[in-house]
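**Student:** Need a 3D model of the following:
(chains A and B)
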Protein chains: 2
Amino acid sequence: MKPNFSLRLRVFNLNCWGIPYLSKQRADRIKRLGDFLNRESFDLALLEEVWSEQDFQFLRQKLLPAYPAAHYFRSGIIGSGLCVFSKHPIQEFTQHVFTLNGYPYMIHHGDWFCGKAVGLLVLRLGGLVLNAYVTHLHAEYNRQKDIYLAHRVAQAWELAQFIHHTSKKADVVLLCGDLNLHPKDLGCRLLKEWTGLQDAYLETRDFKGPEEGCTMVPQNCYVNRQELEQFPLGIRIDYVLYKAVSGLYISCKTLRTTTGHEPHSGSPLSDHEALMATLYVRHSPPQHNPSPTHGPAERSPLISVLREAWTELDQGMAQGRWWATIAGYVIVLGLLLLALLCALAAGGEIREVAVLLWTPSVGLVLGAGAFYLFHVQEAKGLCRARAELQHVLGRAREAQDLGPESQPAGLLGQQEGDKAEEQ
Amino acid sequence: MKPNFSLRLRVFNLNCWGIPYLSKQRADRIKRLGDFLNRESFDLALLEEVWSEQDFQFLRQKLLPAYPAAHYFRSGIIGSGLCVFSKHPIQEFTQHVFTLNGYPYMIHHGDWFCGKAVGLLVLRLGGLVLNAYVTHLHAEYNRQKDIYLAHRVAQAWELAQFIHHTSKKADVVLLCGDLNLHPKDLGCRLLKEWTGLQDAYLETRDFKGPEEGCTMVPQNCYVNRQELEQFPLGIRIDYVLYKAVSGLYISCKTLRTTTGHEPHSGSPLSDHEALMATLYVRHSPPQHNPSPTHGPAERSPLISVLREAWTELDQGMAQGRWWATIAGYVIVLGLLLLALLCALAAGGEIREVAVLLWTPSVGLVLGAGAFYLFHVQEAKGLCRARAELQHVLGRAREAQDLGPESQPAGLLGQQEGDKAEEQ
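**Tutor:** All right, here's what the predicted structure looks like:
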């Protein structure tokens, strides 16, 4: 590799809002997206909410000349909605489905049925290994009373852990996706702190797009304005995050975000805005070292964010166990009710009523049984994430006590993952 | 690190058969296991089927002085049953729960409720990074007509992929566990071929234990002899597998397997036999380069085993889709039946019979609905594994066509994962 080596990477990310039968003008938007991607010829296009595999296959055919490599990440009952199109050959791919992803009985929200996941692509570009991740976390339906908060924090942690453990030999790490997290939200801070990923919007000196980098804006005709009532400028929940490892520098030269409409046709491609980043990977620091121009990067220390996440997961765990206990009581009551109904039916007293009540009672016991099992599994999942987090917290505290010289290599990220003697 | 550097690693593996209320003499066996591990003082003890967290906590207390680090891997409803005890500090840990793990309606087999997984520990020993994995795959209940075969192959593939993607910067990789796979079984060959892991039993020159290295033997008083009818010597389904990366050599100096009883007390520790391996990691090849002494290592080429696994997953997928279709028909029939019953009950004809049939009909529709969703998700999971496998197969074929010089680095494993130019 030459010393003045420089790799340019043009990346596209969009949550496509591709829900069959529900999303407006889906077919037209998917078609226009294909035209747009063909016209722009990015290195990588990472898409979320492509819920219909037919839409993926349509795009695959349409994009084949410009993006010969593509992959659709299948998971859960509906799917993860994630897919990628690449100008360069994909060397390897795999995925990790999040352990926790909402509640099956919240059918109207539907996240549980999707199998939300993180997809990984390994590419070799100009002699470098690029690990590109695409993800979509659980949606936020009520910011004031968010019953999915613990699940989203657990997902952010699993995402961070998946990146941490699978990217140890990568030269460049790229994460795109709809995190359903505002920049200052716990999950977002946790992800950035544990992986060391940088936020393209905060790092670039050349940003063009809505104010504060919002990716859901009221100007977009598909956006439910009521949902944005508290945020007149919109919200930023879609991200391009990246890092390079020792000896390499990555910078975001430009970041463009659509502003409620696609630049060519004028109509929006989705209810989210698309992100288009031009990244440069070099062996030397960029001449104009990008500095935060859109407000300071939110970089609370690792220990504080880990502690905050621990508390959130712990509360979620207690809640899960509480629901499991309640379900346990309901099962016992339901069984008693069934026994009573049997006795009444056998005795001939109010027989018809007893028989009529049989169905809801059986339903109650079975429903409570499923509810119990689900929340036991939820508590176990949160407990698992809490244990991993607690271990990292313990090591981070030890490292702090010992001073920066003795900081364990794992905690310094892979940039410094050299063969240090055992701690 | 000195040039004559040598790291000795003593490893213990046991499927503990620790099912509360069902496994015989569980408390006594767990106590004796604790005594044994304390006496032997291994570097790492990796255990499976520790289903009760109380058993883990008991062992943790008992082993604290000799094994200060420990972790219990929580997952699913019951748990993964996996835990580890380590003489050395654990730097990092995480886990991956297998996407497919049997059927929830096969309650008597129970695997679905366990959340079978692979656990990963990262340790630093003598300046080396050791990635130690512990796992337990889906049980085999009927070898002649194995309805779980596709799931076990998918698990073996996910396990191989998890190791492949998380161990790229490890110096030494160790995998212990109950694979529920015989050495020549498809899943076992797939795992070994894709990860490059070597089998301690096949590699060591100093093995002491039952003939053919069996880890479930008829001499063990807890073993159901009927299950071993076709295998008079027993079966080998528990493994110690390892590999070292470029510049390092790993060899298995000795491998000991219990022979139906624990060496000290004479009573078995479990229905499985324990594996005790002494491994050496060096910078130069071992003087007496171990060669297979227990029959040739089963090393069919990667392409052939990938093709075989592809076919198995494809058949499993077709089966899953078939079940989903059947369930779809049952839902339609059930709904028609419900409508008919409503009409009969409203009309006053055979009203009591109609009301009585209401419960089983609702149950039928709900049960078929759950069955449908489960098998849709199963087919998606198998499709995902098949797609990953197909991609690797395609690249392996390309590499074969181009000759060994052009073989993609990813396919040569991490030993040769140098920064080759993009293929």
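
**Student:** what about the helices in the stretch 151-300 of chain A?
**Tutor:** Assigned by DSSP state H, counting those that start in this stretch, the stretch 151-300 of chain A shows helices spanning A:186-195, A:200-203.

**Student:** quick one: average pLDDT of the last one?
**Tutor:** Confidence for helix A:200-203, expressed as mean pLDDT, is 97.

**Student:** Likewise for the first one?
**Tutor:** Helix A:186-195 shows an average pLDDT of 96 in the prediction.

**Student:** what residues does that helix touch?
**Tutor:** A:137, A:149, A:152-153, A:155-157, A:159-161, A:163-164, A:173, A:175, A:179, A:181-182, A:197-199, A:239, A:241, A:243, A:298-302, A:305-306, A:308-309, A:312, A:392, A:413 (CB atoms under 8 Å, 6 or more residues apart in numbering or on different chains). Where you see a C-beta, it was placed from the backbone N, CA and C, and this is true even at glycine.

**Student:** So which of the residues you listed would count as near chain B as well?
**Tutor:** A:Gln161, A:Val392 (CB under 8 Å from any CB of the partner chain).

**Student:** The contacts of helix A:186-195 in strands, which ones?
**Tutor:** Members of the contacts of helix A:186-195 lying in strands (criterion: DSSP state E): A:Val173, A:Leu175, A:Gln198, A:Asp199, A:Tyr239, A:Leu241, A:Lys243.

**Student:** The fourth one touches A:Tyr239, doesn't it?
**Tutor:** Looking back up the chat, that one is A:Asp199. Yes - taking contacts as CB atoms under 8 Å, A:Asp199 lies within contact range of A:Tyr239: 6.4 Å.

**Student:** What strands line up against the longest strand belonging to chain A, and which way round?
**Tutor:** Across chain A, the longest stretch assigned as strand under DSSP E is strand A:6-18. Strand pairing for strand A:6-18, using DSSP bridges, gives strand A:44-50 (parallel), strand A:275-282 (antiparallel).

**Student:** how distant is it from the center of its chain?
**Tutor:** 15 Å (CA atoms, centre = their mean, to the nearest Å).

**Student:** Over to stretch A:168-183?
**Tutor:** Averaged C-alpha coordinates place stretch A:168-183 at 9 Å from its chain's average position (CA atoms, centre = their mean).

**Student:** Buried ones among the ones in strands among the contacts of helix A:186-195?
**Tutor:** With burial judged by 16 or more other CB atoms under 10 Å in any protein chain shown, the buried subset of the ones in strands among the contacts of helix A:186-195 is A:Val173, A:Leu175, A:Gln198, A:Asp199, A:Tyr239, A:Leu241, A:Lys243.

**Student:** for the fifth one, what are its contacts?
**Tutor:** Meaning A:Tyr239. So A:Tyr239 contacts A:Asn13, A:Leu175, A:Cys176, A:Gly177, A:Leu179, A:Cys188, A:Asp199, A:Ala200, A:Tyr201, A:Leu275 (CB under 8 Å, 6+ apart).

**Student:** just the last one next, same as before
**Tutor:** Contact analysis of A:Lys243 by CB under 8 Å, 6+ apart lists A:Val172, A:Val173, A:Thr195, A:Gly196, A:Leu197, A:Gln198, A:Ile250, A:Gly413.

**Student:** do you know how far the third one is from A:Tyr133?
**Tutor:** I take that to be A:Thr195. Noted for A:Thr195: a distance of 10 Å to A:Tyr133, by CB to CB, to the nearest Å.

**Student:** Residues touching the helix or strand following the longest strand of chain A, excluding its own?
**Tutor:** Using DSSP states H and E, the helix or strand that follows strand A:6-18 in sequence is helix A:26-40. Contact with helix A:26-40 is made by A:10, A:12, A:14, A:16-20, A:23, A:45, A:55, A:58-59, A:62-63, A:65-67, A:85, A:262, A:264-265, A:267-270, A:276, as judged by CB under 8 Å, 6+ apart.

**Student:** What of stretch A:371-390?
**Tutor:** By CB under 8 Å, 6+ apart, the surrounding residues in contact with stretch A:371-390 are A:99-100, A:103-105, A:150, A:153-154, A:157-158, A:161, A:306, A:309-310, A:313-314, A:316-317, A:320-321, A:323-324, A:327-328, A:330-331, B:71-77, B:79, B:93-95, B:113, B:115.

**Student:** Buried members of those residues into PyMOL, please.
**Tutor:** A single PyMOL command suffices to select whichever of the contacts of stretch A:371-390 are buried according to 16+ other CB under 10 Å:
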select buried, (chain A and resi 99+100+103+104+150+153+154+157+158+161+306+309+310+313+314+316+317+320+321+323+324+327+328+330+331) or (chain B and resi 71+72+73+74+75+76+77+79+93+94+95+113+115)
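
**Student:** Next step: the contacts of stretch A:371-390 restricted to strands.
**Tutor:** Using DSSP E, those in strands are B:His71, B:Tyr72, B:Phe93, B:Thr94, B:Gln95.

**Student:** Of all pairs in those, which one is the farthest apart?
**Tutor:** Farthest-apart pair in the ones in strands among the contacts of stretch A:371-390 is B:Tyr72 and B:Thr94; separation 13.5 Å (CB to CB).

**Student:** Out of the strands paired with strand A:6-18, which is the most enclosed?
**Tutor:** Across the strands paired with strand A:6-18, averaging neighbours per residue (mean count of other CB atoms under 10 Å in any protein chain shown) puts strand A:44-50 on top, at a mean of 27.

**Student:** Next secondary structure element downstream of that strand?
**Tutor:** helix A:53-63.

**Student:** Near chain B, which residues of the stretch 101-250 of chain A are found?
**Tutor:** Going by CB under 8 Å from any CB, the residues of the stretch 101-250 of chain A near chain B are A:113, A:115, A:120, A:122-129, A:161, A:165-166, A:168-169, A:171.

**Student:** Apply the buried test to those residues and list what passes.
**Tutor:** A:113, A:115, A:120, A:122-126, A:128-129, A:161, A:165-166, A:168-169, A:171.

**Student:** Point out the least confident one among those residues.
**Tutor:** Confidence by pLDDT is poorest for A:Gly126 among those, given 87.

**Student:** low-confidence ranges in the stretch 201-350 of chain A?
**Tutor:** For the stretch 201-350 of chain A, the stretches with pLDDT under 70 are A:262-264, A:286-300, A:349.

**Student:** can we see that at 50?
**Tutor:** For the stretch 201-350 of chain A, the stretches with pLDDT under 50 are A:289-299.

**Student:** contacting residues around A:Glu312?
**Tutor:** A:Leu149, A:Ala150, A:Val153, A:Leu186 are the contacts of A:Glu312 under CB under 8 Å, 6+ apart.

**Student:** could you measure it against A:Pro210, distance?
**Tutor:** Counting by CB to CB - A:Glu312 and A:Pro210 are separated by 29 Å.

**Student:** quick one, domains of chain A?
**Tutor:** Segmentation of chain A into domains, based on the TED database, reads A:6-283, A:301-399.

**Student:** per-residue pLDDT, the residue nearest to A:Ser41 when sequence neighbours are not counted?
**Tutor:** What sits nearest to A:Ser41 in space, not counting adjacent residues and going by CB to CB, 6 or more residues apart in numbering or on different chains, is A:Ala66, at 5.2 Å. Turning to A:Ala66, the model gives it a pLDDT of 96.

**Student:** Am I right that A:Ala66 falls within a strand?
**Tutor:** No - using DSSP: H, G, I helix; E, B strand; the rest coil, the assignment for A:Ala66 is coil, not a strand.

**Student:** quick one: contacts for it?
**Tutor:** Counted by CB under 8 Å, 6+ apart, A:Ala66 has contacts A:Leu37, A:Asn38, A:Ser41, A:Lys87.
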